[in-house]
Structures are given as structure tokens and as C-alpha cells.
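**Q** turn this into a model:
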Amino acid sequence: MEDEDTLRGKYLIFTMGNELYGMEIRYITEIISIQPITEVPEMPEYVKGITNLRGKIIPVMDARLRFKKAVREYDGRTCIIVIDTIGTSIGLIVDSVAEVLTMNDEDITTLPEMGKGGHKYIKGIGKTGGNINLLLDCQKLLTGDELDMLGAMA
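**A** Down below sits the predicted model:
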């Protein structure tokens, strides 16, 4: 419970293209450079495969493809954010990691209604220093079926 308090309001900010995204630091296990990924047949396009992280096999998905963004070559800044969501470790490939920010409740607003779907992964909008950060809901990045599928891979 004490750890929960020290992590409250802390977000890891990362980039995909020109957009800034954030996720609560309490879900993040570690950040690693891009690793060799073994493809697994018959997976959705956004699931790149699995990687061996110090003896633990974890599924890896490309955040760009998950959010229906254009494919981009991986480079020296590309990294994998390893998150633990609902008891499953997943690697999330992002363009780059920017910083860790502390945001208070008053810095976060809800996403305006913009029609059906399109923002089921977005928990809110963080406003910091003139920037807008789309804050992801780590609990909703994957559906129950997707979690079961990825959990079976590990």
C-alpha cells in the first residue's frame, strides 16, 4: 500500500510519431531496448511475437499497430516497455521514452466525446507544460480474449 502512494500520479511519457502518451508507472516493470522477437503464427498483426527476458518468455506487441498508426522502422530510440496488467507481463514497443512526470488530478481531464469507439484505451488527457499527453488505461489495452491468448504464449 505504501508503494502505491509513492507511485500515485506518476506517469511514464513516451512517443509514437508526434504524439505523447503516458501510462501509470505502477504498471511498468521495466524499459528495455528492442530485443530479438520470435514470430508466432496466427497472431493479430499488432502482436509481433515473443521475446526471452532473462529466462521469462513475454509476448510483445507493437503499440503503433495496436493503435492503427503507420508502420515505422525500429531505430536506436525504439524500446519495449514491459508492463504487468491483470497478472500478465506484456512488452509494448514504442518509438521512444521521454520522461516520468507527476500529474495531479487537476492536470488530468477526460477525453471529449468524439463518436463511437476510437478511444477505449485512453483513460484521460494529461496537460503538462503546454503539452497534451494521452494517458493509456493499461487495464484496457487488451480484451479478456487477447489476454488469454497472450497469456498462453508465455
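**Q** only C-alpha atoms for contact and neighbour calcs from this point on.
**A** Will do.
**Q** please name the bridge partners of the nearest residue to Leu20 once chain neighbours are set aside.
**A** Closest residue in space to Leu20, ignoring its immediate chain neighbours: Asn133 at 4.9 Å, by Cα to Cα, 6 or more residues apart in numbering. When bridges are called by DSSP bridges, Asn133 pairs up with Leu20, Gly126.
**Q** low-confidence bits of the protein, can you list those?
**A** Low-confidence segments of the chain, defined by pLDDT under 70: 1-5, 113-119, 143-144, 146-154.
**Q** contacts only, for the most centrally placed residue in it.
**A** Closest to where the C-alpha atoms of the chain average out (Cα atoms, centre = their mean) is Leu92, at 5.2 Å. Residues near Leu92 by Cα atoms under 8 Å, 6 or more residues apart in numbering: Val60, Met61, Asp62, Ala63, Ile80, Ile81, Val82, Ile83.
**Q** what is the burial count for the fourth one?
**A** I take that to be Ala63. Ala63 has 19 neighbours, counted by other Cα atoms under 10 Å.
**Q** i'd like the first residue to be 394 from this point on
**A** Understood, numbering begins at 394; the last thing we discussed is Ala456.
**Q** could you double-check that it lies in contact with Tyr439?
**A** Yes. Judged on Cα atoms under 8 Å, Ala456 makes contact with Tyr439 at a distance of 7.3 Å.
**Q** where does the spatially closest residue to Gln532 that is not a sequence neighbour fall, phi/psi-wise?
**A** Leaving aside its sequence neighbours, Gln532 sits nearest to Thr478 (Cα to Cα, 6+ apart; 5.9 Å). Per-residue torsions, Thr478: phi -130, psi 120 (degrees, to the nearest 10).
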